[in-house]
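**Q** Okay, predicted coordinates and the sequence, questions at the end:
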Amino acid sequence: PTSTTAAAFDDPRVFEKLGTDTLFFIFYFAQGTYQQYLAARELKKQSWRYHKKYMTWFQRHEEPKVTTDEYEQGTYVYFDYETGWCQRIKSDFTFEYTFLEDELVAEPPPPTTPAAAGAARSSSVDAPPPGVATSAPAPSFVATVSDIEGPSPLERKKK
């Protein structure tokens, strides 16, 4: 039973059924694995975009107020893996496209089961960016940056 359960996580169709928190958990805690790739692929399908400078995932909260060839600016939801393991809102954020992870293509590893073999042949999506070591996860909730005392991870990294 254990090998069957483990083999199920080689099937991309399983990741389509997982919640966002589970996908983030797999992305940050299964670094360098095929499962990390599948989690990132599914997050991208759900309109999450990985920011290489801040090493976290962003999703538009609303249409950008400004859009150029180099960046877009507006309100975004981002996943705070460092201080709260939750989604937060960031207003007036400038997402520079140079920091958008969007170019890597990975070849999935050879599948270990017939079900995974069929699913792997039918999938080719951008690979995830490198993961980041994190602390243990806490319960998820949505908060605005102003709800949290002190600078957010984004503001700390700008300095």
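**A** Okay, I see it. Worth saying up front: this structure is predicted, and the values here are computed from it rather than measured. Numbering: from 1, shown residues only.
**Q** hey, which helix is longest across the chain?
**A** helix 34-45 (DSSP state H).
**Q** going on from it, what's the next piece of helix or strand?
**A** strand 49-51 (DSSP states H and E).
**Q** Report all helices and strands that that following strand contacts.
**A** helix 34-45, strand 56-60 (3 or more CB pairs under 8 Å, 6 or more residues apart in numbering; DSSP states H and E). C-beta here means a position set from N, CA and C on the backbone, and glycine is covered the same way.
**Q** Could you work out the end-to-end span of stretch 7-25 for me?
**A** 18 Å (CA to CA, to the nearest Å).
**Q** Please identify the buried residues of that stretch?
**A** Within stretch 7-25, the residues that count as buried by 16 or more other CB atoms under 10 Å are A7, F9, D10, D11, P12, V14, F15, L18, T20, L23, F24, F25.
**Q** Between the residues you listed, which sits nearest K45?
**A** Ranked by distance to K45 (CB to CB), those are led by F15 at 9.1 Å.
**Q** Ramachandran coordinates for that closest one?
**A** phi -70, psi -20 (degrees, to the nearest 10).
**Q** got the contact list for it?
**A** L23, L38, A39, R41, E42 (CB atoms under 8 Å, 6 or more residues apart in numbering).
**Q** Just read off the phi/psi values of V14.
**A** Torsion angles, degrees, to the nearest 10, at V14: phi -60, psi -40.
**Q** Would you confirm that it contacts A8?
**A** Yes: if you go by CB atoms under 8 Å, V14 and A8 touch, sitting 5.5 Å apart.
**Q** still on that earlier bit, so which of the helices and strands packed on strand 49-51 is the most packed in?
**A** helix 34-45 (a mean of 22; mean count of other CB atoms under 10 Å).
**Q** Could you list the low-pLDDT ranges of the protein?
**A** Applying pLDDT under 70 to the chain flags residues 1-5, 103-159.
**Q** where exactly do the strands run in it?
**A** Counting by DSSP state E, one finds strands in the chain at the ranges 49-51, 56-60, 66-67, 71-80, 86-96, 142-144.
**Q** Adding distance to Q31, write these out as TSV.
**A** What follows is those, written out as TSV (distance: least, CB to CB, whole Å):
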stretch	distance to Q31
strand 49-51	13
strand 56-60	14
strand 66-67	32
strand 71-80	16
strand 86-96	20
strand 142-144	25
